[in-house]
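>>> Task: produce atomic coordinates for the following.
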Amino acid sequence: MPTREQARLRTRYGPWAVVTGASSGIGRETAVLLAEAGLNLVLVARTRALLDQLGQELTARHAVEVRVLSLDLAAGAAVGELATATADLDVGLLVAAAGFGTSGPFLDTLDAAEEEMLAVNCRAVLGLTRVFGRRFAARGRGGVVLFASIVGFQGVPNAAHYAATKAYVQSLGEALAVEWKPLGIDVLTSAPGPTRSGFGDRAGMTMGAALTPQEVARGTLRALGRRATTLPGLLTKVLTWSLATAPRWLRVRIMGGIMSGMTGKRVKPPRTPVPG
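The predicted structure is shown next:
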């Protein structure tokens, strides 16, 4: 017997959902919760074997249909390929969970990695929201979940470009939530704190206290259709609220110190801090 929340998700956002970054972490856990709610799924990530395994598990456990698409969203043609592959489906929900980060002094980061991150975190999100936003507008209802981060609320030394990509996602989601509400489209931007999802390993960060992907996924889906931005998990709320009254320039310094501790890179303070 489905719960009231599961019935809400299936009725409002079914019958199909597209989840990017579905092979691990937050994307995977979101896909699991949507399958439990009875939504059919299009699972998107680079690693086909992991997608196939997850798809088989979800079909066996929840009797949902699953399609898997092995795509690298950093590639320019990926969004078009995804659009074509889902053209015959009545998709009502997009969960854009694919993304990654880098860390370290800005001038020391690799050009290729930064370009790839920009493509996945921003360009692909832009393309996906336009493709599925138009479909949802035509059908008169739908939902979009974008994943930002608490680092997107201010600049973050030693993760400057990553924080900037998440600021882009946050700003885009906030605007679309208002712009698309009259069209029947719910847009939610989820801004979690540190999460144990494999992200830290790729970004070269050591995490202490951190959320689980399950916490983030569950809190995010619970907020969908009820608010425009959510801070999933108690840790996220504590970290965000603790900085809420600080001026932006100070938040930048504090977040830089936190990132310095996570990456082992020391942020040198300027001789004269200038608010900005």
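
>>> Sketch out the low-pLDDT regions of the protein for me.
Across the chain, the ranges flagged by pLDDT under 70 are 197-208, 261-276.

>>> report the longest helix in it, please.
Longest among the helix segments of the chain by residue count, using DSSP state H, is helix 160-179.

>>> What is that helix packed up against?
The contact analysis (3 or more Cβ pairs under 8 Å, 6 or more residues apart in numbering; DSSP states H and E) places helix 160-179 against helix 111-118, helix 124-139, strand 142-147, strand 185-190, strand 229-230. No exception for glycine: its C-beta is placed from N, CA and C like everyone else's.

>>> Next up, identify which helix or strand the residue nearest to residue 47 when sequence neighbours are not counted is on.
Spatially, and ignoring its direct neighbours in sequence, residue 47 is nearest to residue 23 (4.9 Å; Cβ to Cβ, 6 or more residues apart in numbering). Using DSSP states H and E, residue 23 falls within no helix or strand.

>>> Check residue 236 too.
Per DSSP H and E: residue 236 is located in helix 234-243.

>>> What angle do strand 185-190 and that helix make with each other?
For helix 234-243 against strand 185-190, the angle between stretch directions is 80 degrees (axes from the mean of the first three to the mean of the last three Cα atoms, to 10 degrees).

>>> For helix 234-243, buried residues please.
If you call a residue buried by 16 or more other Cβ atoms under 10 Å, then helix 234-243 has these buried ones: 235-236, 239, 243.

>>> just stretch 31-48 next, same as before
Neighbour-count burial for stretch 31-48 [16+ other Cβ under 10 Å]: 31-46.

>>> and of those, the nearest to residue 68?
Distance to residue 68 across the buried residues of stretch 31-48 (Cβ to Cβ) is lowest for residue 43, with 4.9 Å.

>>> pretty sure that closest one contacts residue 22?
Yes: taking contacts as Cβ atoms under 8 Å, residue 43 lies within contact range of residue 22: 4.0 Å.

>>> The closest residue in space to residue 176 that isn't next to it in sequence: what's it in contact with?
Nearest non-adjacent residue to residue 176, counting by Cβ to Cβ, 6+ apart: residue 187, 4.5 Å away. Applying Cβ atoms under 8 Å, 6 or more residues apart in numbering to residue 187 gives the contacts 143-144, 146, 173, 176-177, 180-181, 228.

>>> which residues does residue 187 bridge with?
With DSSP bridges as the criterion, residue 187 is bridged to residue 144.

>>> Okay, it and residue 169: tell me how far apart.
Distance of residue 187 to residue 169, given as Cβ to Cβ, to the nearest Å: 11 Å.

>>> anything in contact with each of the two?
Common neighbours of residue 187 and residue 169, counting by Cβ under 8 Å, 6+ apart, are residue 146.

>>> What helix or strand is residue 216 located in?
Here residue 216, judged by DSSP H and E, is contained in helix 213-223.

>>> residues in contact with that helix?
Under Cβ under 8 Å, 6+ apart, the answer for helix 213-223 is 5, 9, 25-26, 28-30, 32-34, 145, 147, 188, 190, 192, 195-197, 230, 232-233.

>>> Stretch 69-83 spans what distance, first to last residue?
11 Å (Cα to Cα, to the nearest Å).

>>> What lies in contact with it?
Contacting residues not belonging to stretch 69-83 are listed as 18, 20, 42-48, 51, 85, 98, 116, 119-120, 124, 127-128, 131 [Cβ under 8 Å, 6+ apart].

>>> hang on, the earlier thing: and which of the buried residues of stretch 31-48 is nearest to residue 254?
Set against residue 254, the nearest of the buried residues of stretch 31-48 by Cβ to Cβ is residue 33 (33.0 Å).
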